[in-house]
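Chemist: Any chance you can model this:
(chains A and B)
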There are 2 protein chains.
Amino acid sequence: MYGEGVRGGGLHQPYTPRLIIEVETADGGTGVGETYGDGKYLELARPLAAALVGRAASDLNGLFTLADELAVDAARVDTAVDVGGLRGAQTVDKLRLSVVSGFEVACLDALGKSLGLPVHALLGGKVRDSVEYGAYLFYKHAAHPPGIASEPDDWGPALDPAQVVAQARLFEERYGFTSFKLKGGVRPPEEEIAAVRALAAAFPGRPLRLDPNGAWSVETSLKVAAELGDVLEYLEDPALGTPAMAEVAARSGVPLATNMCVTTFAEIPAAFASGAVQVVLCDHHYWGGLRATRELAAVRRTFGVALSMHSNTHLGVSLAAMTHVAATVPDLRHACDSHYPWQSEDVLSERLRFDGGRVAVTDAPGLGVTLDREKLDALHRRWLDEDFAALRDRDDAAAMRRLDPEWTTPLVPRW
Amino acid sequence: MYGEGVRGGGLHQPYTPRLIIEVETADGGTGVGETYGDGKYLELARPLAAALVGRAASDLNGLFTLADELAVDAARVDTAVDVGGLRGAQTVDKLRLSVVSGFEVACLDALGKSLGLPVHALLGGKVRDSVEYGAYLFYKHAAHPPGIASEPDDWGPALDPAQVVAQARLFEERYGFTSFKLKGGVRPPEEEIAAVRALAAAFPGRPLRLDPNGAWSVETSLKVAAELGDVLEYLEDPALGTPAMAEVAARSGVPLATNMCVTTFAEIPAAFASGAVQVVLCDHHYWGGLRATRELAAVRRTFGVALSMHSNTHLGVSLAAMTHVAATVPDLRHACDSHYPWQSEDVLSERLRFDGGRVAVTDAPGLGVTLDREKLDALHRRWLDEDFAALRDRDDAAAMRRLDPEWTTPLVPRW
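Modeler: Residues are numbered from 1 along each chain as shown, chains lettered A, B, ... in the order given. As a prediction, this is how the structure comes out:
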């Protein structure tokens, strides 16, 4: 749905499968949620939807009990760490939780609308009136490779430091973002160091982040940390896995963030004990929803670890959802990531807006968004179209092979 | 308000100061909460109450922000570990949180009543229809020492193993409790070992607990653990402080529970890292309320530590509150403690009931309890009575001195 971000694992596909969930309550109310939409998620969502009939929208703890009972085909769980959009290692539990999260948000939306309360109030109430997001900079070509049609964009290419800075300036102009994250692990580290240096020169004092998605060795990570330590807010997943991250953290003074080595509660003890992570980037989908995100917030607060939020390629509902929960976490001190500006499509009747890099926290009941059924129908028809069947499971390597038929996902560490 | 429990720190006073909090909403609704009622809590509750005027009952996260701003007289914070009813070390933060918890429960009650939802539904919904409690056995004399009048009780003395077993049988007969906790640290360890052995013989296979409130050295703790390991569900706070607990845990196979060395989020990292604690006994008051209790549940679940709940001498509102939150924690696998059967007085229009040792989880809006204003007024008048002024701050040592004027709180470890 956007230009063509390049990252270490391949190329962002022009379209990303997403699942939009709508719950209907007995009194005629509805609520909307969203989560990942690859086939393996759909396979779990169908039986969970069937199991929910007759239950109260407020029965959110019960969702997890039901999900525990869902049979998961273990063969569908790809245990490679860099699978499915950089979400960390997949597990059966994480698949289930990702599905639950869509239903949880839909139930919270329905419940809030029925009670006349915004979702943030169902989470204990907002402690801020707007949530800060950061610009998400991508190396990109000017257009998608030939093959599947996709919308053109007006961002232009970003293949060298000057073009990366130009992209950042557009983000600042259009949305007021004041912090910038560069998706790295794409170019040799020296080039990415140069790009971040160029950003630091163009935006002195602004929070900058670099995320190579685990593409570097410990030694390369330490070299980048030494070169950029004075300008980075944090370095995100420089190396793959908790032991490597712990070594980088111990030997560099740069805070490390992750949405790869800590993506489940089970991964927390080892990572926190070894000091591998200073900022957990929560994706509310794979942690199990908005209430689970608040639980994660409590866990990492207890251990003096910071929180921020990962973005994914969503259709607007999830941006609204993450804004509600982010508004309730008092010690959220890093801007959240957002892919949303890259996306020309969503399913909302009114697009969410960034003003000064921030999304306002609505006090309208529920999520405060309205599903645009025509948009949703159009996207669904495209999903059904046999020409798009290959995109029903996200596969960034396949997208990259349209550029380079010989291309395979690089082994990590790549540098 | 009950016979006279004896414990290591002195004698339970016949009356315990408690604070009942009522919030009124703009639409005429009300909600009730309860917390500790010593002077230092009242001093914080008054300005917090004033600060709440005009805020939404749903603004629960905001309560903590307001509480952070409350000035606490540091001189009022007794940092001795064994102060104020065995609640672990006092801190300014814990004092604040204990006060917040009373308001949080009152707001949840008001919100639930206004929305037509039980408090458990505001916490994500119950996962069980009743909550199990355990019998709380005390060494006790037949009556309170002369001095302040108190209600007589029909429990009789419990000064030797046979009498302890008789007390347990009464608990089983009257309330159906199937697990038993003996408040120890009162008699020499050999006598307490004999009492637990007598309980094990009388109730074979039942969960038994012994809680000396840190009265033992590590070596004594290990000796007791070795003697009783085969019959104890867990040993509660055998030795004082995380390092001593960690040593006992490492050298014995008996799970250790605590409501003394882990009573705040700040105490968790060291205790969990050292394996000092296998069961955290949550007192929702000092953890900061019902939502904080759910956060604690998430933290300790992440680290594979079990949860149960500590009881305190409350007036019924807090038993209702803890029952709601306990009903929402899926992996609550130990019966909660309850002092309630010992108390002849509460402030409820209808006493809560134990059937088969369990309290039913109500689906009535809010907490599902009604304040009996006549009872509350009578208790308040007694609190105002100058004859009771000495009881406005809990001081179990003072109560013990009425028995033995030379008595001072024993140094720990006592054995």
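
Chemist: Going along the chain, name the strands of the stretch 101-250 of chain A.
Modeler: Under the criterion DSSP state E, counting those that start in this stretch, the stretch 101-250 of chain A contains strands at A:130-140, A:180-183, A:208-211, A:232-236.

Chemist: closest to chain B out of these?
Modeler: strand A:130-140 (14.1 Å; C-beta to the nearest C-beta). In short, each C-beta sits where N, CA and C put it, glycine included.

Chemist: close to chain B, is that closest one?
Modeler: No - under the criterion of C-beta under 8 Å from any C-beta of the partner chain, strand A:130-140 makes no contact with chain B; the nearest approach is 14.1 Å.

Chemist: Output the contacting helices and strands for that strand.
Modeler: Contacts defined by 3 or more C-beta pairs under 8 Å, 6 or more residues apart in numbering or on different chains; DSSP states H and E place strand A:130-140 against strand A:5-7, helix A:161-175, strand A:180-183, helix A:317-326, strand A:336-337, strand A:358-360.

Chemist: and the strands of the stretch 101-250 of chain A as CSV, adding mean pLDDT and mean neighbour count?
Modeler: Shown next, in CSV, are the strands of the stretch 101-250 of chain A (pLDDT from 0 to 100; neighbours: other C-beta atoms under 10 Å in any protein chain shown):
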stretch, mean pLDDT, mean neighbour count
strand A:130-140, 96, 24
strand A:180-183, 97, 26
strand A:208-211, 98, 28
strand A:232-236, 98, 25
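
Chemist: Most tightly packed of the helices and strands packed on strand A:130-140?
Modeler: helix A:317-326 (a mean of 28; mean count of other C-beta atoms under 10 Å in any protein chain shown).

Chemist: Show the model's pLDDT score for residue A:179.
Modeler: As predicted, residue A:179 sits at a pLDDT of 97.

Chemist: and if you look at the one 10 residues further on?
Modeler: Residue A:189 is assigned a pLDDT of 97 by the prediction.

Chemist: can you pull the contacts of it?
Modeler: Neighbouring residues of residue A:189 by C-beta atoms under 8 Å, 6 or more residues apart in numbering or on different chains: A:212, A:216, A:220, A:223-224, A:415.

Chemist: Might you specify the subset of these located within helices?
Modeler: A:220, A:223-224 (DSSP state H).

Chemist: Most neighbours among those residues, please name it.
Modeler: When neighbours are taken as other C-beta atoms under 10 Å in any protein chain shown, the top entry among these is residue A:224 (26 neighbours).

Chemist: And the closest residue to that one other than its chain neighbours, how far from residue A:138?
Modeler: Distance criterion C-beta to C-beta, 6 or more residues apart in numbering or on different chains; nearest residue to residue A:224, sequence neighbours excluded, is residue A:189 at 5.5 Å. According to C-beta to C-beta, to the nearest Å, residue A:189 stands 17 Å off from residue A:138.

Chemist: Enumerate the residues of chain A near chain B.
Modeler: So chain A meets chain B at A:56, A:58-62, A:64-65, A:115, A:117, A:121-127, A:265-266, A:268-269, A:273, A:291, A:294-296, A:298-299, A:301-304, A:328, A:330 (C-beta under 8 Å from any C-beta).

Chemist: Repeat the analysis, applying 7 Å as the threshold.
Modeler: Taking C-beta under 7 Å from any C-beta of the partner chain as the criterion, chain A approaches chain B at residues A:58-62, A:65, A:115, A:117, A:121, A:124-125, A:127, A:265, A:268-269, A:273, A:291, A:295, A:298-299, A:302-303, A:328, A:330.

Chemist: Please indicate which of the residues you listed are buried?
Modeler: Buried subset of the residues of chain A next to chain B (neighbour count, 16 or more other C-beta atoms under 10 Å in any protein chain shown): A:58-62, A:115, A:117, A:121, A:124-125, A:127, A:265, A:268-269, A:291, A:295, A:298-299, A:302-303, A:328.

Chemist: now residue A:307, what's its secondary structure?
Modeler: strand (DSSP: H, G, I helix; E, B strand; the rest coil).

Chemist: contacting residues around it?
Modeler: Going by C-beta atoms under 7 Å, 6 or more residues apart in numbering or on different chains, residue A:307 touches A:280, A:282, A:297, A:300, A:329, A:332.

Chemist: Leaving aside the residues adjacent along the chain, what's closest to the fifth one?
Modeler: This points to residue A:329. If the residues on either side of it in the chain are set aside, residue A:329 comes closest to residue A:297, at 4.8 Å by C-beta to C-beta, 6+ apart.

Chemist: Doesn't that neighbour belong to a helix?
Modeler: Yes - Residue A:297 forms part of a helix when assessed by three-state DSSP.

Chemist: Neighbours of it, how many?
Modeler: 23.

Chemist: One more: residue A:55?
Modeler: For residue A:55, the count of nearby residues is 14 (other C-beta under 10 Å).

Chemist: and it, what does it touch?
Modeler: residue A:62.

Chemist: Could I get the phi/psi values of residue A:347?
Modeler: Per-residue torsions, residue A:347: phi -120, psi 20 (degrees, to the nearest 10).

Chemist: Report whether the expected contact of it with residue A:315 is present.
Modeler: Yes - using C-beta atoms under 7 Å, residue A:347 makes contact with residue A:315 at a distance of 4.6 Å.

Chemist: so what sits against both of these two?
Modeler: Jointly contacting residue A:347 and residue A:315 under the rule C-beta under 7 Å, 6+ apart are residue A:20.
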